[in-house]
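*Asks:* I would like to see how this sequence folds:
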Amino acid sequence: MSTQTFADRRSLEGAKPGVVVVGGLLALMWVLEIIDSASFNALDQFGIIARSFGSLPHILTAPWLHFGFPHLISNSVPFLILGLLTWLAGPGRWLAVTLITVVTSGLTVWLIAPSNTITLGASGLVFGYLAYLLVRGFFTRNIWEIALSVAVFFFYGSILLGVLPGASGVSWQGHLGGAIGGFIAAKFLHGNDPATRRVKSASRV
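*Replies:* From the prediction side, this is the model:
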């Protein structure tokens, strides 16, 4: 068996827990939406209400709730794909990206969303995973991660326009906060990678 084949098999085996975790979170979102629909949107109260101190804990619950099935469907595929690609960086890094993104996206919504609005949905996480995958290669200088960044940008780069004010009812604040979180996570997790330090050292005169 060649080294490349062994590495590919190890990568696939490492992805299996990611399918369980990320797929499990997606399944949880669907279960919660079914409960929400059956209870006449009773779970919407756990969304983020801008500048309501009582709503701050909802930063941790809002990403898993949605305003109806069309909203959930639009987030499901990118959440699963980008979440799994992020998982391939390692479970610990996936967890760090997820937590940082949830907090930055939620706080951004809480701080600058219009008053008396409730914000729900996983799109902030989607933007966090996307930003992380796009900029990670810049820090690591890894050719495969750079190639992945290019591929991710090709397929999903257009949604970055969602960080700008646009359609009514769409939380560009959550998108912006999520993208910022993904960048912060990439910097925090990879900014001091050995490969990055070697490149910086080689650039000094």
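
*Asks:* Where does pLDDT dip in this structure?
*Replies:* 1-14, 166-168, 193-205 (pLDDT under 70).

*Asks:* where exactly do the strands run in it?
*Replies:* For the chain, the strands defined by DSSP state E occupy 48-49, 118-119.

*Asks:* what does the first one contact?
*Replies:* What that stands for is strand 48-49. For strand 48-49, the surrounding residues in contact (C-beta atoms under 8 Å, 6 or more residues apart in numbering) are 55, 58-59, 62, 106, 109-110, 113, 116-120. (Each C-beta comes from the backbone N, C-alpha and C, glycine too.)

*Asks:* For that strand, what is the distance to the chain centroid?
*Replies:* Mean-position distance between strand 48-49 and its chain equals 19 Å (C-alpha atoms, centre = their mean, to the nearest Å).

*Asks:* ok, back up a step: ok, so of the contacts of strand 48-49, who is nearest Leu133?
*Replies:* Distance to Leu133, by C-beta to C-beta, is smallest for Gly106 among these, at 20.6 Å.

*Asks:* Look up how far Leu99 lies from the nearest residue to that closest one once chain neighbours are set aside.
*Replies:* Leaving aside its chain neighbours, Gly106 sits nearest to Ile59 (3.1 Å; criterion: C-beta to C-beta, 6 or more residues apart in numbering). Using C-beta to C-beta, to the nearest Å, Ile59 is found at 11 Å from Leu99.

*Asks:* Just want to know which of those two has more residues nearby.
*Replies:* Remark: of Ile59 and Leu99, Ile59 carries more neighbours, 21 against 14, as counted by other C-beta atoms under 10 Å.

*Asks:* The more buried one and Ser52, how far apart?
*Replies:* Ile59 is 11 Å from Ser52, by C-beta to C-beta.

*Asks:* on that earlier part again, list the residues that contact the residue nearest to Gly106.
*Replies:* Counted by C-beta under 8 Å, 6+ apart, Ile59 has contacts 48, 102-103, 106-107, 109-110.

*Asks:* go with 10 Å
*Replies:* Ile59 sits next to 47-48, 102-110, 119, 124 when contact means C-beta atoms under 10 Å, 6 or more residues apart in numbering.

*Asks:* Just the buried residues from these, in ChimeraX please.
*Replies:* Here is the ChimeraX selection string for the buried members of those, based on 16 or more other C-beta atoms under 10 Å:
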select :47,48,102,103,104,105,106,107,108,109,110,119,124
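
*Asks:* what about the nearest residue to Ala89 once chain neighbours are set aside, how many neighbours?
*Replies:* Excluding its sequence neighbours, the residue lying closest to Ala89 (C-beta to C-beta, 6+ apart) is Arg136, at 7.2 Å. By the criterion of other C-beta under 10 Å, Arg136 has 27 neighbours.
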